[in-house]
Structure formats: C-alpha cells, structure tokens
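>>> Whatever this is, show me its structure:
(chains A, B, C and D)
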Amino acid sequence: MILGAASIAEKIPFLWPEIAAFLATCVVMVVGLSPNLGTRRLCAPIAGLGLVAAGVLAAFTTPEGTGPLPFLMPFAKVVLCGVGLVLLLLASGVVDRDEEAVIAAGKATFNPLRTNRAEFYAFFLFSLTGLMLCASADDLIWLFLALELTSLPTYIMVTMSRTGRDGARSCEAGVKYFFLGALGAAMFLYGFALLYGGTGTTSLRGIERAFVSQSGSGGINSIAMVGMLLSIVGVGFKIAAVPMHLYTPDVYEGSASPVAAFLAFVPKTAGFLAIILLVSTMGWTFARDGSAAGGHSLPQLVLLTLWVMAALTMTVGNVLALLQKSVRRILAYSSIAHSGYMLVGVIAGPGDGTSITRNGIAAVLFYLLCYGLMNVGAFAVLACLDRKAGDDSPELETVDDLRGLCSSHPVLGWTMVVCALGLMGFPPLLGFFAKVPLFTSAIAAGEIPLVIVLGLNSAIAAFYYLQLVAAPMLEAPDTTVRTEPTGHAARPMAALISAASVVGVAVASGPLMEAGAKAGGKPVAKKPAEQPKRPPSGPSGH
Amino acid sequence: MALLALILVPLLFAGYVALRPEREAKSIALWGTLGALGISAWTLFDFDWGQSGVFQYAESFSWVDAIGLRLSVGADSVSLMLIALTAFLGPVCVLCSRTAITHRQRTFYAWLLVLQAAMTGVFAARDLVLFYVCFEFTLIPMWVLINLYGSTNRKKAATKFFLYTFTGSLIALAGLVYVVWFKWSVSQQWTFDLYELQRTAARMSSAEQAWVLLALLAGFAVKVPLFPVHTWLPLAHTEAPTAGSVILAGVLLKLGTYGIFRFALPFCPLAIGEYAPLIAGLSIVGIVYAGLVCWVQTDVKKLVAYSSVAHLGFCVLGMVALNDTGITGSILYMINHGLSTGALFVLIGMIYERYHTRSMDELGGLAARMPVWSSFMVFFTMASVGLPGLNGFVSEFLCLLGAFQASHEWAGTPGGTPGRLGFVYAAVAGTGMIVAAIYLLYMVGRVVFGPLVEPHGHGNGSGHGHGNGAAHGNGDAAALPRDLNWREIGTLLPLAIACVGLGVYPSPVIQGLRGPVATTVAVTKEGAAYKPPARADAKPPEVSR
Amino acid sequence: MMHLLAQANPPAPMHAVTLGHYLFVSAAMFAIGLIGFVSRRNLIIMFLCTELMFQAAGIALIAFSRFHLNHTGETFVIFVLTVAAAEAAMALALVVLLFRRRESLSGEEWASMKG
Amino acid sequence: MLSGILNSLAALMPAAEAGGDLLHPPKGAMLMLAVPVLTLVGVLACTICAVARVRTKLPAWISVACLAGAFGCVLATFLGYEGPRHAVGFEWIHLQWGGETPRGGGQVPIRALHANFGLYVDTLTLLWMLFVTGLATLIALYASEYMAGDVRTAGYSRFFVAFNLFVFSMSCLVMADNLLLLYLGWEGVGLCSYLLIGYFYKKPSAVAAAKKAFIVNRIGDLGLALGIMLIFVKFGTVEYATLLADSKFQGFLAAATAGDFASIPWDIQLIPALLMIGAFGKSAQFPLYVWLPDAMEGPTPVSALIHAATMVTAGVFLIARTFWVFQVSEYALPIVAWIGAITALLAATIGMAQFDIKRIMAYSTVSQLGYMFAGLGVMTSVGAAFHVFTHAFFKALLFLACGAVMHGFAGQLDLRKLSGVQKMPGWRIVGVTMLVGCLNLAGFPLLAGFWSKDMILAQAFAEPGYSAVGWVLLLTAGLTAYYTFRVYFRVFVGPQHFEPGDEVHGHDDAHGHGDHGHAHAEPAHDGHGHGDHAGHAHGSGGGQHGFHPHPPGWAINLVLVVLAIGAFAIIPLNFIGEHAGHGGWAADMVHHSTAGPLPAGAGHAAEGHGGGHAEHGTFLGMDPHKVMYYVSGVVGIVGIGIAFVLHLAGRTEAARSRADGLLPALGPIPGWAQHKWYVDEFYDFLIRTPLWVAAHLFHLVDKLIVDGLVNLFGFIPRALGKAIRPSQSGVLHGYALAMAGGVAFLLLIVLMAAL
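Model prediction:
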C-alpha cells in the first residue's frame, strides 16, 4: 500500500492527541525562553495542559485503528498521558536549578543560551508524542519514525539532566545511551528493511496479509522472518531486553531520578507497543511444533526468540540487581527484569481476547501502566530528597541512604515501601494485580515453564525489593547523612500520587483491566476461526 | 458480617494503635484482640453446627470483575475453628509481649494485629485470590516482627523466612491459576470461587493433577513445613520474638495444612491418592528425623521449633490418609498443636526474659527456682508428647489411626478405608511418639529438673534471696519476679484449660468437624473415582495447542 | 544469515546485477559498520559507523523497492536519511560536550559507572 | 469458648449407645463413677493445697480420705455385685463417617470410632480395683509419715497430687469399657510414674530413671496403640463388650478353639502380639524390664504402690481383659509364657547378686511379674490374677518395710551395711512384717504367695508343651526363696550393726528439695520426729558416729501391720467359692469376667483345674495339680535353707558371709549378674548410641545438606549475578560488542534450532 496524501488525510482523526501534544510542545519551546521567571515557570503547566488535552482527545475522539490491533490506541494514549502527567510532576526542577538559583540571587541575568528549561519540556513532550505515534502506527515507516521521535529527545534529556560535578555522570550516561541507541536503531531499521523486502509492503496490515498468504503456501519468507527477528531484537533495546540491556543500569544511574523514571516508562512502552505491533502481523495462529498455521502460538522462530529473550531478560535483570547497593541501579536492573515479565504476556498473545485473564497483550498493557506508576513512585522518593553529606551526588544513592525514611519522612518512606512491595508483586498491591493476568494468560496459552521461570524470578526479585522495604521501614535512620527535601513541592506530590495509585488502583483495577482487555483485543470478525482450546462439550460430556 | 468483622476489627485497631501514643499501644492491642476473640466466641455459639459443612456467614462483594475476582468470605466449621484458634492466640500474644517488647511498641502491636487480620482472612476466604492475598500478606507482618524484635541473627532469619515461603507460594499460585484456567477451559467460566472450582478441578487428567499438586505443595509444604523444605522454620523460630513464635507455630504453619485440606485434596484427588504414600513417607521421615534432630539441640527454642516439624508431620500424615479419621485428626492436630506448642513458646519466652538465654547448658533444674513455671512446662510438654487426656493425644491417635486404616489390606473390614498407607506407615510414624518422648523429656529433664543451673550473674541461691528478677543486675526494664506473675499465669491458664478441655471432651469438636470433613472425603473419593472419558483433548495444554 | 540469504536469492550466473548482489553489499556494509563500531575508539568514527549501518539498510530498502516494483522503500529511505541527519546533529553536539569535559574523544574515557 | 461448642453441640450428640448384651442398666453406676471422681477431687484438692502453699500434712489426709472413699465405693459395689455393669460418664471420642449415598447408588454404611468415658465393671475389674484402692489408701497413710520431711516444701502436695492422679489413671485403666480409655489410663499411670520417680528432681539419677521409665513404657505403648488400631480396623470397635460379642470374632474364637489357626488371618493373629508389647512394657517384662529397677529412685511408697503392687500389673490386667483375643493367635500365649519364664529367671539371677535391698525387691517384682505372665501364657488367667492379688499385698509389704529401714537409716539400703535391725529398739514390727512378706514371696507353704505361685507352676506342668517353662519357674522359685531370705537374714537378724546412708546418694528424705540455706542448720541429735536427721549427711564417712536410727512412727507401723494381717487374711479366700483350693474367691472373680474360660470353650484347656483335658501334661509322671504343692513347698524351703546357711549361720562377721567365699568359685558369673547381665549397657550400645549418633548425623545433614541445598539455591542467583557482572564493564565498546555478539548469538541459536 502506497502511503499517499489521501491516506494521510484519513489518518488525521487518529492524530488529534499527538497534534495537541505537539502544539503544547511548540508553545513550551517559546515560553521557556522568556526572560520573565513567571512566564518561564509556565512551561510545566502548559505541558501538563497539553497532556491533559491529548488524553481527553485520545479517550473521546480516537476511532478504530487500521493496524493489527485497532483498539490499542485510545487506551495506550490515555495511559501514557496519565503516567506522563505524574512524570511531569516529578520532572519539576530537573534542569536549570543552578542557573535559576544564580539568577534569583541576582548574580547573573537570564541568558537563553545557558538555560535548558524550554528544551527539556519540549523534549519531554516530543518523546511522549513519539510514544503516542507508536500506538497509532500502522506502517513500518511510521513506526520507525515514532520510535526515533521517542528516543532522540531522551538522549538529550539524559545528558542535560545533571549539571556541575554530576554532569560528568549524566554525560557518560548520555554517551552510552546515544551510541548504543543508534546501534539498536540501526538493527531494527535493517530488520524493517528486510521485512519490507520479504513482504513487499510496509503497511502492517499489508504485511499481515502477506504473512497469511505466505504461511498458506510453504511458510513465511526467510528474509521476512530474519527481518522480523532482527526488528524484535533491535526494538529490544528500547525495552532493555537481553542482549540489548547493557546500557540500562549505567544510564539510569547517571541521569537524574526524574529522567530515569521517564526512561523506565516511555521508551519501554514505545518498545513494547512496537514489538506487539510487529509480532501481531504474524499473529498467534501457528502451531507450536512447526511453522504450519492453525495453532494458537507465534511462529516457532519468533516464539523461540521471544522465549529466550524473556527468560534471559528476567533472570539477568534479577540476578544482577541482587548485587547492587545503589537504589537506582537496583531499579534499573529491576526494570530489565520487568521487561522480561512483560515479554511473557507478548508470547502468550491475545488468546480469545475476551478477558484480560486470557489476553496476554492486555496483560502487558495493564502491566505497563502499573509498572510505570510503581516505578515513578520509587524514583520519586529518590528525587525528593537531597543528601547533605558533601559528596558529589545530591540525590539519594544507596540503599543505606533510605534507612529510617519512614520515621524521618513518613510520606516518602511509605511510598518507597509501598512501591517496592508493589514492584515485588506482593498482594494486594498493584504489582500483584498486574502479575496475575500475566500468570493467567501465560497459563492459558500453555506457557507453564515460562510461568515457573517468572515465579522463580519474582522470588529472586523479592530479595532486593525486601531491602528497599526494610531500609525505610525497619532500620534506624543514619545519623551521619542528613537528608532534606529538595524544595520542589511537585515531586513529593508525584510520589504520593504513585503510592496512592499503587494501593488505590489495586482496589479498583477492574475497569482499567477491562479497558486493557479491549485494547489488546483483536476485531472479532477478523478471526472467526479462533476456538477455545477445549470445547465446552469436551471432557465431561455435559 | 461476623467474618468481615473478624478481619476488620484487628485492622481497625491496628490503625488505632499506629495513631495513638506509644504507651497506649499494648492496651489498645489487647482490647483489639479481645474484641476479635469476643466476636469469634459469638460465632462459635451462633454457628449452625447442624450444617457444619456449609459455608456460613457468607459474604460476597464484587472486587475486580475483569479477572473474576470477588471478595467472598465464608466459614465452615474447619475455618471457624481455625479462626477461633487465631482469635484465641491473639490476646495470648499481646499478653506475653507486655514486658518482652520495649521498643517501637506501636509498630509491634500494629503489625501483630494486621497479622491476625490476614490469618483470619486466609481461613475465611472463599475466593482463591483473596485466599492468596491473605496467605501472602501474612509474610510481611511476620517478617517485620522477626526483623525488628528478634534476637541476634534476626535479619537473616526474617529474610530466609520471607523468601523461602514467598518462592513456594508463587509456584502454588501458578498451580491455583492452572486450576482456574482448567475450569474455564471446560465450562467457559472464569472464576476464582472455591466451590465452583472444586466441582471441575477433579476432572483434570492425572498428569495435570500431579503437576498441580506439586505446585500446590511447593507453597503449602514449605509452610507446613514438610521434611526437606523445613529449614527456615527452626531459624525463624529461634530468632522470632515470643509472640512471633507463638503465631508462627500456632497459626502460620497451619496455613499450609489448611491449604492442603482446602485445595490440594479437592483439586487433585487422583494425584493425591497416587502420591499419598510419598507424601506420607516424607511426613514420616520428618517425624523421625526432626525428632532426632531435636534431641541434640541445646537451644530450647530450637528444640521446640524442630518438634513442630515432627508434629506437623503427623498432621500431614493424617491428611493424606484421605479418610475421615485422618483428616479429622489432622484438623484437630492443627488446633492442638497451636495451643500446646504456642504455650511452650510462651514459656520459653518467659525464661528468656528472665535469663536472657535459652541454652540448656546454662539453664537447668529450674523447678527449684520457678515451680509454677515448671508445672506449666511439664504440663504443656505432656500435652505436646500426646498424653491421653490432654489435647495432643486425640489428634495424634486419630492421625495415626487414619493412616493405619487407609489400606486396601483392610478392604471390607468394618474399620478399614481405602487408601495406600496402612500398618507400616502407622507403625513407623508411631515411633515418632517414642522419639517425641525422648526429646521432650530430655528437654524437661535438663531445664526443669536436675541440679539448678543458672547463667552467670543470675545468682544461684547464695548471693540472692528470693527477690525479684530486677535484682539480677542485668538492668531489666521490667521487674519480673523470679517465678511467674499473675499476668503470665493468666496468659498460660486459658491455654492449659483449653488443652485439658480438648483432651477430655473433644467429642463436640470432632462432631463439629464432621460436615466439612465428610464433604472433603466425598469430593476426594469422587474425584479419585472419576474416569475422564477418552478424549483427544484430555492432554496437557502444551500438546493441545 | 548470509548463507540463508544466498540460499533464498541465488545470484544470477552472469553479469546481471541481481537483488542478491545488492543485498550482499548492504549486508557487508552493515557488517563493516558493526565491526567498526565495536573496534574503533573514536566517538566520531563510531558514529560514522552507525551511519554506515543506517545506509546499509537504505541500500537494502532501495533494492527491495526495485524488486517489488513499488516506491515504498524509496520513501522509507528518505525518512531514514532525515533521521540520520537528526542523529548526526545530536552526535556532533554530544561530541562537543564530551570533548569539553574530558579533552578526549575516546569512548573508553567514559567508564566510571559499571557493575 | 469451649462451653459454647459444648452447648451448641449438645443437640448433635447422639445418645450414648448401649452396646452388647453383657450390659445391665447402670444400677449403682454412680458408685463406680465415684471412684475416678473421688480421686480427681483428691488431685484438685492437693493442687489447691500446692497453690495455696499449704505446709502441713493436709494433702495427705485429704488423699487418704479420698482414697478410702474410693475403696469404700469399690467395696460397696463388690458387695452389691449382681453382674457386669456399664456406666457411661460422657462421650469422649465419637467420630462417625459414612452414611452418604454415592452417585453410583447404594449407601455407604455408617462407621464410627466410639470411645466413651465409660466404665465397665465386672468381677475382674472389681478384683483389681479392690486391691488398687485398698493398697492406695494404706500407702497414702504410710506416705503421710514417710514424706513428712517434705512437709515444709511444695513437694508434699506435689507428691499427693501425682499419687491421686495415679489412682485416677489406674482406675481408668482398670474400669474402662473400651481400649482407648484403657490407653488413657495406661499412659496416665506412666505419667504419674514419671512424675513420682522423678520426685527428687535434683538428683540426676532420679531424673534419668524417670525419663527411662517413660520412654521404655512408650515403646510398649506404641505396641498397644497399634494393637488397638488393628482391633478397630478389623472389628470396627474398641469397646470390649462389642468386640467380644462380635460375630466375626466369635467365629475366629471358635476356629481357634477347634485348633484351626490356619483359617484365622495373620492380621487377627497379630493383634495379641501388638497388645503384648504394651503389656511387656508396662509390666517390665523382658526385654523392656530395664526401667523398673531404676524406678526405685522414687520415694518408697511410690515403689510399693506403683512399681510393685498396682501399675506393673496393668500388663497382666490387659492380657487378662483381652484373654480371648490372645487365644485367637497360635503363638501369642506361648510367647507370653516364655517371655514370662525368661524374665522370671533373669530377674531372679540379677536379684541374687544385688546388694541394694530395694533393688532386690525391684528385681523380685520383675521376676514375679514374669511368673504372672507365664501363668497367663499357660492358660491360667486365674493363677495369674490370683498371684497379682497376693503379690500386691506381700510385695507392698516388703517394699514398705524396706522403706521403713531406708527412712530410719538415712537412706542406707546396702545389705552389707545393715544387720540385726529387728532387734534394735522400735524395729520389731518392721522385722516381723518383713518376715511375713519374705515368707510369702519365698512361697513358704500354706501362705498366700504359696497358693498362687503353686497354681501357676502346676498349670505350667499340666499344660502340654510347657514343662520347660515349668522347670524354669520351679528353679526361679528356689532362687526367689534364696534371695528373699538373703535380705532378711542379713538385714534383720544377726548381730546388730549399721552404717547410716549417704543422704546425697541414696536417701530420699534429703532436705533442701525446696530452698537452700537452712537444711543443714538443724541440730544433729534430735532423735525424735522426722525429717530432722539431715545433719548426718556430714558424718557419712564416720560410720555410726552421732547417728541414731529412728524407728518408724505409728502410721508406718499401722500400715505394715495391716498389710501383714492382710497377707494372712487372703489365705482363706483360696478356699471359698466354687473353685475352693484352686484360687477360690479370686478364681470365681476371674471366671465371671472376660478373662474366664471361653464361652464356646468345649474341652479347651482354658483353666488349670479341670480334669477333663484330652491330654494332660505331667510332672515327672505325676499329676502336677496334686504334687506341685509339695514340690514347690520343698523348693521354697530349700531356698530359705541355703540362704540361712550362707547368710545367717555362716556369717562370720556382720558384713561378710559364706556366700562371699563361694563367689570366686563361680567365676565371672556373679559379677555379670551383679551388673545385671550388662543388659543396660547392651541397650545403650544397641539402641541409644546409634540413635544418638543418628541424631547428631541428622543434625549435621540438616545443617549442611538440607539447609545447605536451600542456601545453595539462594546462592545460585547471586553466583549467577557475579558471573555475568563482568559483562557490565561500563565500557561503551564492551557493551557494543556484547550487544552485537548477543544478537548474533541469539539469532544463531534460533536459526540453528529452526534448521
């Protein structure tokens, strides 16, 4: 299918949220350069308004899509606008702290070349816009561009997230992130090229049709298959999946906590959306034992790749997290592990699509939301406090820094406890309700060994999360290190919101799950042949 | 509403404890536990014992419809009795911590109450996920109690306890979810309701049942703990504060056996019938092995902890006998073990408060110093040994008899039931009675009887008169008399009365258990007799796809 | 991978330049870029290597476009070039920033965080 | 809470079943129920005394009153006895199952494990209860004085609590209407035995002895428990009445009577074997007898009541009670007979070589219990029961007399260090009563012990196939007479001489059970009163210096006299009733109970007196029932004579006798006998040490392997992390290489797996 002007016009209705976000971006870019402090401070509210507008538009105007997962868009966009708002709260004061302090002290005047506020918020919005575009993608080109739009701003955000002596670390994070990111991008780009070569089209629907016809006649084209594998592995960089995970801990450690929280959610979500879209072109319609069509699984090669990636990703993430002392590195490795968990949902596939309990895609989407909230909460705690011990890192760094937080800063302490328990998957918190659909859908898909691996990995993870629970809750405060709030009121608010949702959304997760199930579902008419694995009349004859 | 109240009252009081000043914590906690005890006592009166197999006080609220999760509670007589046990031990725990816990009291009592709520929730839950939520949630309070209030090695012990049981229960979750999925695959109904699941679970093929059983046991056997997966228990017990040990031995271990009763038996009857000899074998190994290991302990608490492993072996043995006798015995055993071993831990805690040691090398002949304590000690030891007339005997005998009966050897005899255990299992397990006598009397012989030995600095009669423990010079915050004070006696006396009561007149309890036990046995039998019709799709799902 | 491609598209016997040849060139470029990225220390050269890999994809796209007789691939290449340009701009900015801090362009300078 | 259950369940309780046709309406049931109730009242009252810190003899009087009341109740029941009675106190265990209708149709029959707290009173019960409560009353009276040293401490109350509890348990054991309640009593008496042996809890030897008693008994208890289970499984009941009336059981019994043991399944035949183990444990039979001699660490009244007269006869009672069950097995009774004979001989040989008089009495108890078992084994339950009855009197008497000596001589029990006690002022009654007891034990003609022992001996020869048992028993009779009079001749007659005992080592009246600091402050020369000779402990090395043995007071003397009279008074009982001359009254009592002859017993040799046996063993060609009187009488007198020659007439000085000169001639055998044939050491080596080693081994295994594996599993993730940590080198190129390599590797394995 040729991408023509007409088809672009047709797609405008999908893009209202993106357009809203983009407009906000433009405004922010300009406003941030104002010499007036009051005006400059409008950046964040405007960005927030943009996100709210995008969310509302996504919820009410987005029609059924033309990609393989037509119901994906509204849900994904609303979710990422919501989490984006929390991230935005958290991001307050990331850049320009020193400059603003100097200007406020009257030691310097405002110099648009020295401040980064406008750029930062603009990049923030750009990245989110890219993410929304990922959700709308129905074409490889679109997908490629969306992914790059998501990633490119984050490279800069990482690099600029810290200044002064800490700037070296954010530079290191930036260089690693950027170069390895480019490598990853090259990989999935090459994969896209091969996919195109193997199917003759870049439209996802077109590719899907091509696969259907190919698998009907002698199997999927090898070039397309290699392209698919290369694409998945390349996009794996975005979700920090093994073997593309290596940058994660260094980048998370090097960047400021709000940016690290951003990285853990936005590119990861983009990556998962991309992987889901890619594999859904092949569909979960293959038998497990060969490439023949007619089963409920991904093609064997894709399945195997994802399987190995999932198992390795969770395991590597968890076992490396065990050894860490730095909270941010722990969270980084745990972010790797969580990607592994979510890949299980991708492997399980949408099932019959009626309920989140058997729809792995829906489970992944719901998990992304939950993970985003819990993760933001955990990073927010780090971002909220400055450590006054005279060393290079003003933020909390090691697990020991968290000691006694529940008594010294109860809100932050309990946020950490709740979020760590949530990330552990401890019932009845959000993480548990996110994990249950993964469990159920994987079991429904027959991936029991993977479920066992998942269970064991959750147990390993419990060890380091327990440290994050124990330090604030049980240990005595460390008297040698003084911690003080950073003075950005929005950050504790972000922490509080996340903690509240980790508890609260858990209690009322039903509607969200249902929405997720809908988003991850396939159009019913498209797959009439899909049958339950066991016909109801089966075993008992009643 | 009674069950919800039983869960909510401790929770509310926990919140209240957290909000009030430190010094009020213990009395608020006491009132909270007494309140729960009151409600629980009322339910015992109010319960319709004629319908003991039916879930009563049932409540069901929609929770997360998307995954078929409901907040549904209900109690048959088994649940009710275990809830009563939980409620009964609540005040005991609060009372025995009064002087033992001196720092961060609010945290302690609040978590203790939360723990009680969670345990009640486990027994009250009729929804699989609700059960699992409560089952897991017991870990956190216990972990806090051990981690904050334990002795020297507490952090390691707490972490080991947490991780060990958490790992097991995650696998168990996989098993439970499989059952749910199976239900859906045969009836297109996605539910976590216990009763609904029981109706279909038994139709799984025997291979599926075996795997599900394995998964469930991974969670429940660790909790029990069954022989090769028991090592967290001695460590946790040794390090836990007294109240923690009481709860741990009294109720938490029973979550495992309760889980086996509630889930493993009805869900995988074929498999449990097939592997009953294996499980029974493991419990028997546990009985003898742990018993012998008890014998060489020098730490009294560790000895009692290992004895729990041995005792719970009897419990599991009775359970897998899969007949009314064994299961009734097993459930009685849960209650009885909770009372007698809980009391032993209380007693040991009292010694630890006075002497700051639990080593038998440093303690001996305390009968001369603390006659009241010693009398209680001998009493509860005898209850633990299984002396007829006290509670331990009835359950132990029934468990053994259950195992004895369960053999095809006795087919057609008036007292035999089908099964795959029999004489040899009962006889070998019975040696546990002897071993129990060996190690418990060894402990009593050293600690209670024999020449007086007290740790250095605790005067052996020459320097000190019969004054208060405060004169010991250890700077105890709490001035404890040498022998027990009225508060401590008041803690122990209800337990002792319960022990005698259940030993002398267990009949009502046994009758009360009849309903649920008969139901479970029937379900198990029916499931075991169920022959899946020959069908192409009766294979594990891996193949069916 | 190469082996598989060769099997799928056996090069024509004589002088005709087939899809296979293009793909071979493309794969070779990709491999060279990858090897260069891994083996060189200079950040600018490393970036150029990624550009090489991008362009390898571009060659493949154009070849496929020709093969399939549609223009989608060519369109794609245009976008790829755009993105590559954007990346190049970022790379240069980054390199300048880094050079200011360390007075060196070696990638090995930046290894303080690990483990 | 509990009462809540009770009330709520009141409606559920089915009415207590009245089972079996042996039952009459429970007329006079209250009277029998009063026995356990009264003893429980004693327990509670003494407990209250302990709690209220009563420091007088009040607990003793309460106990005597309660026990006397219990005895009165038993006596009243006996006098008004009309037939077996069944009194149900309350429902103890009632577990019911079955009754449901399975899907396949039909109905599962209702089964139940039903054990009431119910009493079954027949003549056997009454026989036992009469001497149990009677002796208990007397011994409580005796103990009131004997234990007087502890009046000032809580020990006095504690003693009587356990004492009353013992009688309660014993009454449960004897009067139970089902095996489970019997088991309750069975273990209950074990507990009381444990508590009372360990009464002097500061003595490690006492604690060890108590422990040993309990544990060895538990071995037997396990056998009993398994036996009960097997009975339940096979017959669906644990109640005697139902069991014995069971048609299947009657069938087996008929088959056994006809000698057709092949038709009886092996598991039915196993039942008596299991019950037997229980009986062996409780009644201290080989190989489980080892606890009884050690049990002498307890206070003497305890030894007299529990470890001589009553508790140890529980095994005999069990076999007598289930005598029919024992007859369905081909081998059960022969085993019982042989074990009894072996025990009798073994214990007698050990008894001959001991110097501690209490221990000699203990071994003689074991030996006499062996007699009783042999009697049961050779089918004379009457003889066994009769011997139990007479033995209870004279052995209690002997113990109490020994206890009086011990009490008076500061714990001295070594027969080499005491001589001529009878002639010392105030010791005449003790000496005379001791002589009565010894004569009975030695089987001196026409005394009670003679008649009962003779019945067993005669039946052993009369019963075909058991003459070897008979010879062993006969030999034992001689040995018994010898060692009994060895004690008497050395301790009570002869030149006056004594060395006071070492309180620390032997004397059970040692002070300071309670508090330290004042025990040694008392004047050493008080001479009167009790419990005031503690000071002598200082002079234990100095012989008689400053020590005055104090003769027993009125309570002890009264009890001794009553018992001695009793030992004579029971002689005429042998000559009344239907079985005059062959057990007499006791035989009647046994005959009308479940221990009597088989209901369908046509010509079976269930009793030792009938002349109608198809085949009849002989004693050297003569009818044993006629000649055995003379033979056993002669053997007894010969034994006494030898003892006289060796230990009285031939005694050159107080401490040595001619027997000591004979010892070297026998080589190492006397040494072995003195060391109890090294049985304890053998058990230690064979059982305890391996278990101890195994326990340590298991502990190590637990620590290293079981827990080690767990830790290993915990360690694996960490190790894995450490192993792959180098991949996180922090260097850009390293990451790039790893990524590229990883992708290549991943694609490679995927493609290889695919191709």
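>>> Double-check that B:Ser72 belongs to a strand.
Yes - assessed with DSSP: H, G, I helix; E, B strand; the rest coil, B:Ser72 lies in a strand.
>>> All the strands of chain D, residue numbers only.
Here chain D has its strands, by DSSP state E, at D:85-97, D:111-121, D:418-419, D:497-498.
>>> Tell me which of those strands approaches chain C most closely.
strand D:85-97 (62.8 Å; Cβ to the nearest Cβ). Yep, even glycine has a C-beta here, placed from its N, CA and C like the rest.
>>> Sheet partners, orientation included, of that closest one?
Using DSSP bridges, strand D:85-97 pairs in its sheet with strand D:111-121 (antiparallel).
>>> Following the chain onward from the worst-scoring helix or strand of chain A on mean pLDDT, which element is next?
Among the helices and strands of chain A, helix A:5-11 carries the lowest confidence by mean pLDDT, DSSP states H and E, at a mean of 65. Of the helices and strands lying after helix A:5-11 in sequence (DSSP states H and E), the nearest is helix A:16-31.
>>> Please export the C-alpha coordinates of that following helix as PDB.
C-alpha atoms of helix A:16-31 as PDB (Å, rounded to 0.1, in the frame of the first residue of the first chain):
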ATOM      1  CA  TRP A  16      -5.600  14.600  17.500                       C
ATOM      2  CA  PRO A  17      -3.800  13.700  20.700                       C
ATOM      3  CA  GLU A  18      -0.500  13.900  19.000                       C
ATOM      4  CA  ILE A  19      -1.400  17.200  17.500                       C
ATOM      5  CA  ALA A  20      -2.400  18.600  20.800                       C
ATOM      6  CA  ALA A  21       0.800  17.500  22.400                       C
ATOM      7  CA  PHE A  22       2.800  18.900  19.500                       C
ATOM      8  CA  LEU A  23       1.100  22.200  19.800                       C
ATOM      9  CA  ALA A  24       1.900  22.300  23.500                       C
ATOM     10  CA  THR A  25       5.500  21.500  22.600                       C
ATOM     11  CA  CYS A  26       5.700  24.400  20.300                       C
ATOM     12  CA  VAL A  27       4.300  26.800  23.000                       C
ATOM     13  CA  VAL A  28       6.600  25.400  25.600                       C
ATOM     14  CA  MET A  29       9.600  25.900  23.400                       C
ATOM     15  CA  VAL A  30       8.900  29.500  23.100                       C
ATOM     16  CA  VAL A  31       7.600  30.200  26.600                       C
END
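>>> Mind listing what's buried along it?
Within helix A:16-31, the residues scored as buried using 16 or more other Cβ atoms under 10 Å in any protein chain shown are A:16-22, A:24-25, A:27-29, A:31.
>>> now do stretch A:403-410
A:403-406, A:409.
>>> before we move on, back to that, ok, of the buried residues of helix A:16-31, which one's closest to B:Ile497?
A:Pro17 (69.7 Å; Cβ to Cβ).
>>> Contacts made by stretch D:573-589 with the rest, please.
Applying Cβ atoms under 8 Å, 6 or more residues apart in numbering or on different chains, the contact partners of stretch D:573-589 are D:123-124, D:126-127, D:382-383, D:385-386, D:389, D:448, D:451-452, D:455, D:572, D:590-591, D:608-609.
>>> end to end, how far does it reach?
Chord length of stretch D:573-589, first to last residue, is 11 Å (Cα to Cα, to the nearest Å).
>>> List the buried residues in that stretch.
D:573-574, D:577, D:579, D:582-589.
>>> okay, the strands of chain D in a markdown table with mean neighbour count next?
Written out in a markdown table, the entries for the strands of chain D read as follows (neighbours: other Cβ atoms under 10 Å in any protein chain shown):
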| stretch | mean neighbour count |
| --- | --- |
| strand D:85-97 | 21 |
| strand D:111-121 | 25 |
| strand D:418-419 | 26 |
| strand D:497-498 | 19 |
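>>> can you put those in JSON lines and add distance to B:Gly412 and mean pLDDT?
Formatted as JSON lines, these follow (distance: least, Cβ to Cβ, whole Å; pLDDT from 0 to 100):
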{"stretch": "strand D:85-97", "distance to B:Gly412": "16", "mean pLDDT": "83"}
{"stretch": "strand D:111-121", "distance to B:Gly412": "12", "mean pLDDT": "85"}
{"stretch": "strand D:418-419", "distance to B:Gly412": "65", "mean pLDDT": "78"}
{"stretch": "strand D:497-498", "distance to B:Gly412": "69", "mean pLDDT": "78"}
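>>> Can you convert these into CSV and add a column each for distance to D:Ala65?
Putting the strands of chain D into CSV (distance: least, Cβ to Cβ, whole Å) gives the following:
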stretch, distance to D:Ala65
strand D:85-97, 22
strand D:111-121, 22
strand D:418-419, 35
strand D:497-498, 36
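>>> right, so of those, which gets closest to B:Leu34?
B:Leu34 sits nearest to strand D:85-97 of all those, at 30.5 Å, using Cβ to Cβ.
>>> Just give me how far the closest one sits from the chain centre.
In terms of Cα atoms, centre = their mean, to the nearest Å, the centre of strand D:85-97 is set 27 Å apart from its chain centre.
>>> ok, now stretch B:407-414?
Distance of stretch B:407-414 from the chain centroid (Cα atoms, centre = their mean) equals 32 Å.
>>> That stretch near chain D at all?
Yes - on the criterion Cβ under 8 Å from any Cβ of the partner chain, stretch B:407-414 is in touch with chain D at B:409-410, B:413-414.
>>> Closest to chain D out of these?
Nearest to chain D among the residues of stretch B:407-414 next to chain D is B:Pro414, at 2.7 Å by Cβ to the nearest Cβ.
>>> The closest one against D:Arg111, yeah?
Yes - counting by Cβ atoms under 8 Å, B:Pro414 touches D:Arg111, with 6.3 Å between them.
>>> intersection of neighbour lists for those two?
The overlap between the contact sets of B:Pro414 and D:Arg111 (Cβ under 8 Å, 6+ apart) consists of D:Gly236.
>>> Can I get the buried residues of helix A:16-31 in JSON lines including distance to B:Gly527 and pLDDT?
Formatted as JSON lines, the buried residues of helix A:16-31 follow (distance: Cβ to Cβ, whole Å; pLDDT from 0 to 100):
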{"residue": "A:Trp16", "distance to B:Gly527": "57", "pLDDT": "87"}
{"residue": "A:Pro17", "distance to B:Gly527": "54", "pLDDT": "89"}
{"residue": "A:Glu18", "distance to B:Gly527": "56", "pLDDT": "90"}
{"residue": "A:Ile19", "distance to B:Gly527": "60", "pLDDT": "91"}
{"residue": "A:Ala20", "distance to B:Gly527": "59", "pLDDT": "91"}
{"residue": "A:Ala21", "distance to B:Gly527": "57", "pLDDT": "92"}
{"residue": "A:Phe22", "distance to B:Gly527": "62", "pLDDT": "92"}
{"residue": "A:Ala24", "distance to B:Gly527": "62", "pLDDT": "93"}
{"residue": "A:Thr25", "distance to B:Gly527": "63", "pLDDT": "92"}
{"residue": "A:Val27", "distance to B:Gly527": "67", "pLDDT": "92"}
{"residue": "A:Val28", "distance to B:Gly527": "65", "pLDDT": "90"}
{"residue": "A:Met29", "distance to B:Gly527": "68", "pLDDT": "88"}
{"residue": "A:Val31", "distance to B:Gly527": "70", "pLDDT": "88"}
